[in-house]
Each structure stands twice: as structure tokens, then as C-alpha cells.
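Novice: This is a predicted model, with the sequence first.
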Amino acid sequence: MNKKAVMPLMLVFEILIVVFVIYMTFELAQKYASSETANKVNLAEDVKMMVDALVGTPGEAVIEYPGNVSKYTLILNSNHIRVFIKGDGELKTAMRQIFLPTGYTALGTLEEQSRLCLRKEKQQILLQRCS
Amino acid sequence: MNKQGIFDVVTKSIFWMIAGIVITVAILAFALIMSSYQNKLLEIPPELKAELLTLRFLNTPECFTYQDPVTGRVFPGTIDLNKFTQERLDGCYRTETEQGYKDYNFGIELEGYGPTKEGAGKILMTNNFFNKVDFTLYKEIFIRSGGEVMPTRMIIYVQTKI
């Protein structure tokens, strides 16, 4: 092979590398931009804080989440709040742990409903659709 | 191919070997920066989380708050000194035994008052509190002991995680 043949080959290789790097950068940026992870984690954190606020409130109370949660499914029990999009695997589920006082229970499931409410009745915290 | 041609090809090969490593590191660094930026966006001020968690110490009769035994009325912000015990705190807020040090833990002190009954220590501590105090919250409260109600402060030492 002479130099004339090798140099265009190297040029093609260089161009391919540059294109690959640009593609990877955009792919990565797009992946982060379109990711629902941040929203799910935010929602799980918000619900956890709402539960904490309700536990620290004497008597009965209701809190409505000030946002549309119709994309998500939420499952609340006495230990965790889980937020995921239907069809997501376990790995894509945002989960936050909650610590309730003895005697308290938390439960509820909300599937693709726009309005989310947390209701405290005696020692029970219920996650439900707002009525 | 002459010597100059071979030299050019070898030079470029070496260049691309080094460039390959640099580009890989750059892409990984970019992913890391994006990831840390995302974490930054999701960050909630620890003081806010602690404020919400500690509400229960002041307002919940299942924790320390005074509740009238006759009417059942709860007096938010009024601590029943008889309830201010380690046992009560363990029932009020308890993190996981093994991994609970990663969660918020608290040391609680009533200014001028020690825990009643046990009387061993002045500060009540949640099960994974190891005296690594990240910040402290002060709450103006009333203490009810017997028939008397006295103003004081609840000092809450917050350990965010270890």
C-alpha cells in the first residue's frame, strides 16, 4: 500500500471518530434531557415530605399535591413510597423510605390520575385521588 | 511506501491511540457532570427535610405532645414532660437498624430539663444518632409538668447521614 492509499483511509477514520464523538455527546445529552428519573425522584421526595408533614400535624388533614401526576403510578405503604411509569422495570422505580411513629399506617395506590391527595385519618395516612 | 509515508502513518496511529483515551475520558466526564447536575437539581435543603421530620416531636401526641386526658385535645408545641422518654422517642422515629445511619437522625434536648424516668442522659437520641451534628434546630415550646406550664426551647441536633 502506498502513502496515497493510506492517507484517505486515515482521513475517513478521523471523520468517523469525530462523528461518533458528536453523536455520543448528543445522545447522552438527549438521554438526560428526556429522562423521567428526575421527575419521579422529585415526586417521591415530595410525597415523603407530605407524609412527614401529615405525621407532624395533630388531628385530621388533607394535602393536595400541586401538580399533575397522570403519567405516574404511586404506591404507598408504611415503609416506602414508590413512583414509576407503567411498564417501567424495577430499576426505573423511584423509591423513598418513610418512618412512621408506632401505630401509624400508610397505604394507597394511585394509577395515572391527575390529582393526588394525601389524607390523614386518625393514625392512618391514605394516598388517594382527590375527590 | 517511503520512510516519510511510514512515519506519517505511525505518527497518526499514535495520535489516535492517545486521542481515543482522551475522548473516552471526556465522554465519561461529560456523563459524570450531567449526573451531578441532575443530582443538584434534585437536592432538597436538608433543613427543610429536618423541619418536616421534627414536626412530629412538637405536634404529635404519639410522640411528646401533651394531650388532655379528659377532652382528648392535643396542645401542639406543648411537651408533656412525662412523655419525654427514650422509649417514646424510639416509637416516634426509628430508622432501619442496619442502614439507618444514612437517614436523618436526631438528638433531642429540652433546655433545662433532662429526660424523666430513665434520667441517665440529658439528650434523647434516635437509634442511629452518633453525635455527628450537621446542624441544630431550636424550637420555642412549652413544657407541661404536673399542672404547670413553662416556656423553654427544644434543641434538636440533626445528623443528616454518615
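Specialist: Nice, I can see it. For clarity, every value in this text was computed on a predicted model and none was experimentally measured.
Novice: Give me the neighbour count for the residue in chain B positioned nearest to chain A.
Specialist: Nearest to chain A, among the residues of chain B, is B:Leu55, at 2.3 Å (CB to the nearest CB). C-beta: built from backbone N, CA, C; applies to glycine. B:Leu55: 20 surrounding residues under other CB atoms under 10 Å in any protein chain shown.
Novice: what are the phi and psi values for A:Lys48?
Specialist: A:Lys48 adopts backbone torsions of phi -60, psi -40, taken as degrees, to the nearest 10.
Novice: Nearest residue to A:Ser70 in space, ignoring adjacent ones along the chain?
Specialist: Excluding the flanking residues, the one nearest A:Ser70 by CB to CB, 6 or more residues apart in numbering or on different chains is A:Ser114, at 4.4 Å.
Novice: got it, and A:Leu116?
Specialist: What sits nearest to A:Leu116 in space, not counting adjacent residues and going by CB to CB, 6+ apart, is A:Tyr65, at 4.0 Å.
Novice: so residue 30 is in which element?
Specialist: Assuming you mean chain A. Using DSSP states H and E, A:Gln30 sits within helix A:3-33.
Novice: not what I meant, chain B
Specialist: According to DSSP H and E, B:Phe30 maps onto helix B:3-42.
Novice: which residues touch whatever helix or strand comes next after that helix?
Specialist: Following helix B:3-42 in sequence order, the next helix or strand is helix B:46-59 (DSSP H and E). Applying CB atoms under 8 Å, 6 or more residues apart in numbering or on different chains, the contact partners of helix B:46-59 are A:49, A:52-53, A:55-58, A:99, A:101, B:62-65, B:74, B:76-77, B:79, B:92-93, B:104, B:106, B:108, B:134-135, B:137, B:139, B:141, B:154, B:156, B:158, B:160.
Novice: Which of these are buried, as a PyMOL select command?
Specialist: Here is the PyMOL command that selects the buried residues among those (16 or more other CB atoms under 10 Å in any protein chain shown):
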select buried, (chain A and resi 49+52+53+55+56+57+58+99+101) or (chain B and resi 62+63+64+65+74+76+79+92+93+104+106+108+137+139+141+154+156+158+160)
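Novice: hmm, the helix holding A:Gln30 touching chain B?
Specialist: Yes: applying CB under 8 Å from any CB of the partner chain, one finds helix A:3-33 touching chain B at A:3, A:6-7, A:10, A:13-14, A:17, A:21, A:24-25, A:28-29, A:32.
Novice: okay if I get those residues as CSV plus pLDDT?
Specialist: Listed next are the residues of helix A:3-33 next to chain B as CSV, based on pLDDT from 0 to 100:
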residue, pLDDT
A:Lys3, 58
A:Val6, 66
A:Met7, 71
A:Met10, 76
A:Phe13, 81
A:Glu14, 82
A:Ile17, 84
A:Val21, 84
A:Met24, 83
A:Thr25, 83
A:Leu28, 80
A:Ala29, 81
A:Tyr32, 77
